[in-house]
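K.L.:
quick one, structure for this:
(one chain, ligands or ions: 2)
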Amino acid sequence: MIPAPDSWVTPCPPDRGGGLWVEPGGFHVDPTRPVDRAVITHGHSDHARPGHTHVLATPGTLSIMRARLGDGAGASQQPLPYHQPIQIGEVMVRFVPAGHVLGSAQVVMEWRGSRVVVSGDYKRRFDPTCAPFEPVPCDAFITEATFGLPVFRHPPVEGEIARLLHTLSVFPERTIVVGCYALGKCQRLIAELRRAGYDRPLYLHGAHLPLCALYQEQGVELGDLRPATVADASSMRGGIVLAPPSAMADKWLRRMPDPLPAYASGWMRVRARARQHGVELPLIVSDHADWDELCQTVKDVSPGELWVTHGSEEALVHWATTQGVKAKPLHLVGFGEEE
Ligand SMILES: [Zn+2]
Ligand SMILES: [Zn+2]
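P.N.:
Ligands and ions are numbered 1, 2, ... in the order given. All right, here's what the predicted structure looks like:
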């Protein structure tokens, strides 16, 4: 008898570590509290938390964790490259690219003939900064649903980059300051600007410098990057500055020469959010699957069951059910809108 997926992989209450608990392997996936054995899908702070004893992750994710968490990255850290199987307890584990950020992985787990895949966060679009998502057929596919509503359809990134460059040409006296997350979004925007032929220096808020340097060390080409300092204000005029979302409501923004606030996020589809943040140039760029990508992925993976961890669970569960796929929400807590 092949065991049912929910007999060996279960959502874990926060007071026992949170995330997912894999009983026959004796490990958690993306635990929200410190645990003995943690398998981590990727470096975003809601998935890669500090203080675990043993951490298994891809080399890229481990280097991101060390850069962000220092000593908190794990007392013992074990790198596992994509596609290499390893046995933990009774469970065979391997990582497969998730296409989300550098180093991001799906966790493919097998026990007694049953295969469960934890996608972590993922997208299906091309991203020059990370390896593309690979669908793995399985008995249970555990997916996020950050943008799990039919209203969320991300436009092609090339068009959003073209709008940014067009705005720059229309306002040569202003400085476009793009709010974007430090891990993934920032580097993808830079790489897409380079792919569009923009070869001038790009200016970075100090919070964005370390991870950009890490991406460059990992072989991702980002071109000429400079710190955005007030001393350099005249050279930044007519250029592009990238900054964390938190800096956009700060005095820091007003020190830029005639700043034009932009913001790159999947949430920019929602006009009220753009207005609420005082964004003049909303750019809809997301590192998460949109509604069509979520549905396409369920078709590609063709799972026996679909479990939805966080986001708009109910709509995706309902859609999967209409497709004849058994589906349920997991209501995992502690995973958020890192976009
Ligand atoms: Zn993420
Ligand atoms: Zn997440």
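K.L.:
interface residues of the protein facing ligand 2?
P.N.:
Within the chain, the positions adjacent to ligand 2 are 46, 121, 335 by CB under 5 Å from the ion. For every residue, glycine as well, the C-beta is placed using N, CA and C.
K.L.:
do that again at 8 Å, thanks
P.N.:
Residues of the chain lying close to ligand 2 (CB under 8 Å from the ion) are 42, 44, 46-47, 120-121, 144, 146, 288, 310, 335-336, 338.
K.L.:
residues contacting the residue in the stretch 101-250 of the chain that ligand 1 sits nearest to?
P.N.:
Residue nearest to ligand 1 within the stretch 101-250 of the chain: residue 121 (3.5 Å; CB to the ion). Counting by CB atoms under 8 Å, 6 or more residues apart in numbering, residue 121 touches 41, 42, 44, 47, 98, 100, 104, 144, 146, 287, 288, 338.
K.L.:
and the residues of the chain next to ligand 2, which is closest to residue 263?
P.N.:
Comparing those against residue 263 with CB to CB places residue 338 closest, at 14.3 Å.
K.L.:
quick one: average confidence on stretch 175-192?
P.N.:
In this model, stretch 175-192 has an average pLDDT of 97.
K.L.:
hmm, it touching ligand 1?
P.N.:
Yes: using CB under 8 Å from the ion, stretch 175-192 reaches ligand 1 at 183, 184.
K.L.:
just how off-centre is that stretch within its chain?
P.N.:
Its chain's average C-alpha position is 13 Å from that of stretch 175-192, according to CA atoms, centre = their mean, to the nearest Å.
K.L.:
enumerate the residues of the protein near ligand 1.
P.N.:
41-42, 44, 46-47, 100-101, 104, 120-121, 183-184, 287-288, 338.
K.L.:
go with 6 Å
P.N.:
42, 44, 100, 121, 338 (CB under 6 Å from the ion).
K.L.:
just put those in CSV and tack on secondary structure and pLDDT.
P.N.:
Below are the residues of the chain next to ligand 1 laid out as CSV (DSSP: H, G, I helix; E, B strand; the rest coil; pLDDT from 0 to 100):
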residue, secondary structure, pLDDT
42, coil, 98
44, coil, 97
100, coil, 98
121, coil, 97
338, coil, 60
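K.L.:
that older thread, most surrounded residue in the contacts of residue 121?
P.N.:
Neighbour counts for the contacts of residue 121 (other CB atoms under 10 Å) peak at residue 104, which has 33 neighbours.
K.L.:
could you pull up the residues touching the closest residue to it other than its chain neighbours?
P.N.:
Nearest non-adjacent residue to residue 104, counting by CB to CB, 6 or more residues apart in numbering: residue 42, 3.7 Å away. Applying CB under 8 Å, 6+ apart to residue 42 gives the contacts 48, 61, 64, 98, 100, 101, 103, 104, 105, 120, 121.
K.L.:
swap the cut-off to 6 Å and go again
P.N.:
Residues in contact with residue 42 (CB atoms under 6 Å, 6 or more residues apart in numbering) are 61, 100, 101, 104, 120.
K.L.:
how much space separates the residue in the chain positioned nearest to ligand 2 from residue 46?
P.N.:
Ranked by CB to the ion, the top residue of the chain for proximity to ligand 2 is residue 121, at 4.4 Å. For residue 121, the distance to residue 46 equals 9 Å [CB to CB, to the nearest Å].
K.L.:
mind saving the C-alpha coords of the biggest helix by length in the chain as PDB?
P.N.:
Ranked by residue count, the top helix of the chain under DSSP state H comes out as helix 157-170. Taking C-alpha atoms only, helix 157-170 is exported to PDB below (Å, rounded to 0.1, in the frame of the first residue of the first chain):
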ATOM      1  CA  VAL A 157       8.000  42.100 -17.900                       C
ATOM      2  CA  GLU A 158       9.400  43.600 -21.100                       C
ATOM      3  CA  GLY A 159       6.400  46.000 -21.400                       C
ATOM      4  CA  GLU A 160       6.900  47.200 -17.800                       C
ATOM      5  CA  ILE A 161      10.600  47.800 -18.400                       C
ATOM      6  CA  ALA A 162       9.700  49.700 -21.600                       C
ATOM      7  CA  ARG A 163       7.300  51.900 -19.600                       C
ATOM      8  CA  LEU A 164      10.000  52.600 -17.100                       C
ATOM      9  CA  LEU A 165      12.500  53.600 -19.800                       C
ATOM     10  CA  HIS A 166       9.900  55.600 -21.600                       C
ATOM     11  CA  THR A 167       9.100  57.600 -18.400                       C
ATOM     12  CA  LEU A 168      12.800  58.200 -18.000                       C
ATOM     13  CA  SER A 169      13.100  59.700 -21.500                       C
ATOM     14  CA  VAL A 170      10.000  61.900 -20.900                       C
END
